[in-house]
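> only the shape, not the letters, is given here:
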């Protein structure tokens, strides 16, 4: 299971505390807003109900008058029973008009009462005194158009209907006497809604009537009417909706509606939400900013934790990892917190102690390695010296004094190099010259059976290496690979070449022969012995010594490779970092 981080735990704890608080504040804000909306809507719903009931009562009284007159007024019924030129028709017409004018005083909400004879297409009107002559004529023309369009059995005569006249709207109620005569009333909606003018405009509220389709049918200011034309009010007028709705015109409004019982219209009241909630919007804005402020505080809190706690812990972990990889120079920075200052002091002291301990161990290893090198040199001297004297003796017997001189020269150079026990660093060129002398001496032992070739890249001659690195590889080839049974000379080739292109590439030291080669399956075992942490008693101590001394000198993981040469023989390679001498570095 993946371990949790300190930062994630801190963020989680902060979120567990702040998120419920923010949610609670937001929910409280929404709940308070809904309560205010509901209370205001209920109060204004009662007001609209009262006004709509008054309008319905007026319309109901007018409707009752129309029904009563259509059933009981014989003058109205007989309008279409007599000839148009008869005295009886004239008398009926006169009494009907007188009756209409008389009732205009009782039904002041009706702008015009009228009677109509479909047989003679006569329309008799009794307008209110406030109706101008021009408007009277316009109403008469509109009524005739309506009466001509509708048949005597049309549903139009069964209810109140909304009629448009020059951009204004009115309610028309016509009752059929079933004797080819009609009586009706024209109610101007703008005048009908006048009692609500006290409400309309107060604190930006707007009261108006709309048709069943949601279209305003009473006068409104141009801006509001334009906004309402964009907003579909019909869904807000459907049965079963909530007691209020929020509509967004140029600004949010609370919409309360009340439907008429008699006419196909609704009374609507729009109340500006801002004025209803008074200073609650400021509180709403404040509440909406709470999550933003909380988020900013969280970021600042995380930055504080990052600098005060997380970063010191991260630096501590980073320092531990560097120490684990061997970098003991790492030190922790100062911290303002007492606890981390104590940790810093303890960690730095520990790292310093480990570094000193490692230096002591390293120096001890160097001393041990030097002792091993001296022991190796001491082992080389007697053995090789005895063989060399034996060669000189045989050459002296046969009188080969010129060869003895050459051999003595190589021996002097060879032993001068091998006995420099105080030197810990030499160049590749010096090492290769030593190998040249060594193989030249061996050539005198096996003049017909040994051939050698030395190849060094000129750019690598000044590179520094520990002494006696190549000689154990060449000696191994002579000891384990030399054979004269193949019928051809034993050849040794020593190469020093760069590993890749570039001035800083590593170098390869390679020794290849055409001798016996490695036994089958012996290469992995040989590689494991050479790269072991301790030498194996089974042999190859010289190769292990080469690898171990190179590791101490270059402070890197040096690897030695063993391969089979083609068509036969063995190839041993060791890769070393390129390290120029101080003299070359200054010249470069």
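Thanks, I have it. None of the values given here were measured: they were computed from a predicted structure.

> residue farthest from the centroid of this structure?
residue 87 (95.5 Å; CA atoms, centre = their mean).

> which parts of the stretch 1-150 of the chain are strands?
All strands of the stretch 1-150 of the chain, identified by DSSP state E, counting those that start in this stretch, fall at 112-117, 122-127.

> listing partners with orientation, what would you give for the last one?
This points to strand 122-127. According to DSSP bridges, strand 122-127 has the following sheet partners: strand 112-117 (antiparallel).

> now what about the strand it pairs with, what contacts it?
Defining contact as CB atoms under 8 Å, 6 or more residues apart in numbering, one finds that strand 112-117 is touched by 76, 79-80, 96-97, 100, 103-104, 107, 122-128, 131, 136, 139-140, 143, 147, 174, 180-186. Glycine gets a C-beta too; all of them are placed from N, C-alpha and C.

> buried ones in it, by neighbour count?
Neighbour-count burial for strand 112-117, with 16 or more other CB atoms under 10 Å as criterion, is recorded at 112-117.

> could you give the mean pLDDT of that strand?
For strand 112-117, mean pLDDT rounds to 92.

> how many residues are close by the closest residue to residue 430 other than its chain neighbours?
With sequence-adjacent residues excluded and distances taken as CB to CB, 6 or more residues apart in numbering, residue 430 is closest to residue 417, at 7.3 Å. Residues near residue 417, counting by other CB atoms under 10 Å, number 20.

> residue contacts, residue 417?
So residue 417 contacts 430, 433-434, 437, 467 (CB under 8 Å, 6+ apart).

> circling back to that earlier point, mind listing which of the contacts of strand 112-117 are in helices?
Among these, DSSP state H puts 76, 96-97, 100, 103-104, 136, 139-140, 143, 147 in helices.

> buried residues in stretch 95-105?
Within stretch 95-105, the residues scored as buried using 16+ other CB under 10 Å are 96-97, 99-100, 103-104.

> which residues sit against it?
Residues contacting stretch 95-105 (CB under 8 Å, 6+ apart): 65, 69, 73, 75-76, 79, 110, 113-115, 124-128.

> please, a PyMOL command that selects the buried ones among those?
Here is the PyMOL command that selects the buried residues among the contacts of stretch 95-105 (16+ other CB under 10 Å):
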select buried, resi 65+69+73+75+76+79+110+113+114+115+124+125+126+127+128
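
> among the contacts of stretch 95-105, which one lies nearest to residue 559?
Distance to residue 559 across the contacts of stretch 95-105 (CB to CB) is lowest for residue 110, with 114.7 Å.

> ok, that closest one to residue 170 distance?
Between residue 110 and residue 170 the computed distance is 10 Å (CB to CB, to the nearest Å).

> what's the overlap in contacts for the two?
Common neighbours of residue 110 and residue 170 (CB under 8 Å, 6+ apart) are 186-187.

> which residue is the nearest non-sequential neighbour of residue 63?
Closest to residue 63 by CB to CB, 6+ apart is residue 173, at 5.8 Å.

> any idea how far that neighbour lies from residue 62?
Counting by CB to CB - residue 173 and residue 62 are separated by 7 Å.

> overlap in contacts, these two.
The contact sets of residue 173 and residue 62 overlap at 185, 187 (CB under 8 Å, 6+ apart).

> immediately after the helix or strand residue 343 falls within, which helix or strand?
Using DSSP states H and E, residue 343 falls within helix 338-398. Sequence order places helix 401-418 as the next helix or strand after helix 338-398, per DSSP H and E.

> following that following helix, which helix or strand shows up next?
Next along from helix 401-418, by DSSP H and E: strand 426-427.

> how far is that next one from where the chain is centred?
Centroid displacement of strand 426-427 relative to its chain, using CA atoms, centre = their mean, to the nearest Å, is 58 Å.

> state the distance from the closest residue to residue 233 other than its chain neighbours to residue 261.
With CB to CB, 6+ apart as the criterion, residue 233 has its nearest non-adjacent residue at 3.6 Å, and that residue is residue 214. Residue 214 is 19 Å from residue 261, where distance means CB to CB.

> so what's the gap between the helix or strand that contains residue 171 and the chain middle?
In the assignment (DSSP H and E), residue 171 maps to strand 168-176. Distance of strand 168-176 from the chain centroid (CA atoms, centre = their mean) equals 65 Å.

> now for the contacts of residue 417: which two are most distant?
Counting by CB to CB, the most remote pair of the contacts of residue 417 is 437 and 467, 13.8 Å apart.

> the closest residue to residue 165 other than its chain neighbours: neighbour count?
Once flanking residues are discounted, residue 165 sits nearest to residue 142: 5.0 Å by CB to CB, 6+ apart. The number of residues packed around residue 142, counting by other CB under 10 Å, is 17.

> residue 142 reaches residue 169, doesn't it?
No: applying CB atoms under 8 Å as the test, residue 142 and residue 169 come out as separate, 11.3 Å apart.

> what's the overlap in contacts for these two?
By CB under 8 Å, 6+ apart, the residues touching both residue 142 and residue 169 are residue 163.

> for burial, what's the neighbour tally of residue 56?
Neighbour tally, residue 56, other CB under 10 Å: 18.

> so who does it touch?
Residue 56 neighbours (CB under 8 Å, 6+ apart): 260-263.

> any idea how far it lies from residue 208?
On the measure of CB to CB, residue 56 and residue 208 end up 17 Å apart.

> try residue 157
For residue 157, the distance to residue 208 (CB to CB) stands at 28 Å.

> the more surrounded of these two?
Taking other CB under 10 Å, residue 157 and residue 208 do not tie; residue 208 has more neighbours (22 against 17).

> sec struct for the more buried one, please.
strand (DSSP: H, G, I helix; E, B strand; the rest coil).

> isn't it right next to residue 190, touching?
No: in this structure, residue 208 is not within contact of residue 190 by CB under 8 Å, at 9.9 Å.

> need the residues touching each of those two.
218-219.

> what about the helix holding residue 343, average pLDDT?
For helix 338-398, the mean pLDDT works out to 69.

> looks to me like residue 255 is in a helix.
No: remark: residue 255 does not belong to a helix; assigned using three-state DSSP, it is strand.

> ok, and the helix or strand in this structure with the lowest average confidence?
Using mean pLDDT, DSSP states H and E, helix 582-587 stands out as the lowest-scoring helix or strand of the chain, at a mean of 40.

> report pLDDT for the residue farthest from the centre of the chain.
88.

> same check on residue 185?
Taking residue 185 on its own, its pLDDT is 94.

> the one 10 residues further on now?
For residue 195, the pLDDT comes out at 78.

> kindly report the same for residue 69.
Confidence score, pLDDT, at residue 69: 90.

> show me the contacts for it.
76, 99, 175, 183 are the contacts of residue 69 under CB under 8 Å, 6+ apart.

> how does it look with 10 Å?
Applying CB atoms under 10 Å, 6 or more residues apart in numbering to residue 69 gives the contacts 75-77, 96, 99-100, 103, 113, 115, 175, 177, 183.

> ok, residue 46 next?
Applying CB under 10 Å, 6+ apart, we find residue 46 in contact with 256, 258.

> if I look at it, how far off is residue 218?
Distance from residue 46 to residue 218, by CB to CB: 21 Å.

> residue 351 too?
In terms of CB to CB, residue 351 sits 89 Å off from residue 218.

> repeat for residue 447
132 Å.

> name the residue in those two with the higher neighbour count.
The neighbour comparison of residue 447 against residue 218 (other CB under 10 Å) goes to residue 218, with 22 against 10.

> my guess is the more buried one contacts residue 208. True?
Yes: between residue 218 and residue 208 a contact is recorded at 4.5 Å, counting by CB atoms under 10 Å.

> so where's the stretch 401-550 of the chain uncertain?
Scanning the stretch 401-550 of the chain for pLDDT under 70 picks out 421-422, 484, 486, 537-540.

> quick one, strands of it?
Counting by DSSP E, counting those that start in this stretch, the strands of the stretch 401-550 of the chain are 426-427, 450-456, 464-465, 490-498, 507-513.

> so can I have a markdown table of those strands showing distance to residue 483 and mean neighbour count?
Formatted as a markdown table, the strands of the stretch 401-550 of the chain follow (distance: least, CB to CB, whole Å; neighbours: other CB atoms under 10 Å):
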| stretch | distance to residue 483 | mean neighbour count |
| --- | --- | --- |
| strand 426-427 | 32 | 18 |
| strand 450-456 | 11 | 16 |
| strand 464-465 | 30 | 22 |
| strand 490-498 | 7 | 19 |
| strand 507-513 | 10 | 22 |
